[in-house]
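Pasting the sequence and the predicted coordinates here, then a few questions.
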Amino acid sequence: MQAFRDVLDECGFMDLGFMGSKFTWHKHYENFTVWERLDRAVANNEWFSLFPDTQVHHLDVTTSDHKPLLINLDGMDCKQQRPFRFEQMWMSEPGCGATIEAVWQQGGDGHRGERVIKKVDKCGKSLTKWSKTCFRNVRRELEQKRKKLAQAERVVCSGGSVLLMKKLEKEINVLLDKEAQMWGQQAKVQWLKDGDRNTRFFHSKASQRRRKNYIKGLYDNEGQWCTNPNRMEEIVLEFY
């Protein structure tokens, strides 16, 4: 068994998780039954990158003591509007602070608590808008800069100036730091150290957390299983 664990570690395989019953194997004895989760689906970082929304289902069966596994490569519907999240990489841009100050200095109606809540909500909307218009997409900008760098390298190799190449290298390094901050925050790896750019690792961790937090459906007060997003919101509100 230890040799099998060593192979998993050496290949970088990680558990894909599951939906359904907690156990995949059982054995009946005269006075008790043994339950275990023996069957698992695993994958490496490269596979996670290709299929980040994968779900593994434990299916019911009566002809075997092992449950079959159904691997759905596109099992998560994440089209719902995502809640606002402050991105750590925004703090490296001067426009972030200016956007927050502009919102916070505005007046408002209601008592102090209501004004604070309204300003926080408006601040999130303003930051989201600022990020889309001023911050731009980090990965898209990285791709564009790398293409320009490849062209600049050819110019230098032909005897041209090296100034543009040096400028692009610095800009790419800044974008790589921002990308590492983004994935590090989404993965919630608290022991992330400054300068670590292992974005493939953080991408896989963020994908695992996304699958873990994903809610496929909820039972309503009558015990009915509901998967409609609007109805799920109503069930949550009714519960609280």
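Ah, there it is.

Outline the domain layout of this structure.
Using automatic domain parsing, the domain ranges for the chain come out as 2-74, 83-135, 138-213.

Now do Ser92 against Ile172, distance only.
Per C-beta to C-beta, to the nearest Å, Ser92 is found 15 Å from Ile172. For the C-beta atoms, the positions are set from N, CA and C on the backbone; glycine is no exception.

Those two - which one has more neighbours?
Ile172 (16 against 12; other C-beta atoms under 10 Å).

quick one: contacts for the more buried one?
Going by C-beta atoms under 8 Å, 6 or more residues apart in numbering, Ile172 touches Leu142, Lys145, Arg146, Leu149.

and it, helix, strand or coil?
Following DSSP: H, G, I helix; E, B strand; the rest coil, the label given to Ile172 is helix.

where does it land on pLDDT?
What the model reports for Ile172 is a pLDDT of 86.

how far away is it from Ala43?
30 Å.

could the domains of the chain be laid out in JSON lines, adding distance to Glu222?
Shown next, in JSON lines, are these (distance: least, C-beta to C-beta, whole Å):
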{"stretch": "domain 2-74", "distance to Glu222": "22"}
{"stretch": "domain 83-135", "distance to Glu222": "28"}
{"stretch": "domain 138-213", "distance to Glu222": "26"}
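
how about these, which one is nearest Pro229?
Nearest to Pro229, of all the domains of the chain, is domain 83-135, at 13.8 Å by C-beta to C-beta.

Glu30 is in what secondary structure piece?
Assigned by DSSP states H and E, Glu30 falls within no helix or strand.

mind starting the numbering at 816 from now?
Right, with 816 as the first residue, what we last looked at is Glu845.

so what pLDDT did it get?
You'll see Glu845 listed with a pLDDT of 81.

quick revisit: among the domains of the chain, which is nearest Glu1049?
Across the domains of the chain, closest to Glu1049 is domain 898-950 (C-beta to C-beta), at 17.6 Å.

Cys938: neighbouring residues, count only.
Cys938 - counted by other C-beta under 10 Å - has 19 other residues nearby.

Confirm for me that it is in contact with Gln921.
No: using C-beta atoms under 8 Å, Cys938 is not in contact with Gln921; the gap is 10.0 Å.

What residues does the closest residue to Leu831 other than its chain neighbours make contact with?
The shortest distance from Leu831 to any non-neighbouring residue, by C-beta to C-beta, 6 or more residues apart in numbering, is to Ala856 (4.3 Å). By C-beta under 8 Å, 6+ apart, the contact list for Ala856 reads Asp830, Leu831, Phe833, Val871, Leu884, Ile886.

Which of the three states applies to the last one?
Put simply, Ile886 is strand when judged by three-state DSSP.

Identify the residues contacting it.
Leu831, Ala856, Thr869, Gln870, Val871, His872.

how near is it to Gly912?
Here Ile886 is placed at a distance of 46 Å from Gly912 (C-beta to C-beta).

Same check on the fifth one?
As for Leu884, its distance to Gly912 is 49 Å (criterion: C-beta to C-beta).

More neighbours: which of these two?
Using other C-beta under 10 Å as the criterion, Leu884 and Gly912 rank with Leu884 on top: 16 against 11.

before we move on, back to that, now the contacts of Ala856 in JSON lines, with pLDDT and distance to Ser946?
Below are those laid out as JSON lines (pLDDT from 0 to 100; distance: C-beta to C-beta, whole Å):
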{"residue": "Asp830", "pLDDT": "87", "distance to Ser946": "34"}
{"residue": "Leu831", "pLDDT": "86", "distance to Ser946": "32"}
{"residue": "Phe833", "pLDDT": "87", "distance to Ser946": "35"}
{"residue": "Val871", "pLDDT": "89", "distance to Ser946": "34"}
{"residue": "Leu884", "pLDDT": "92", "distance to Ser946": "40"}
{"residue": "Ile886", "pLDDT": "89", "distance to Ser946": "35"}
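
Appreciated, that's everything.
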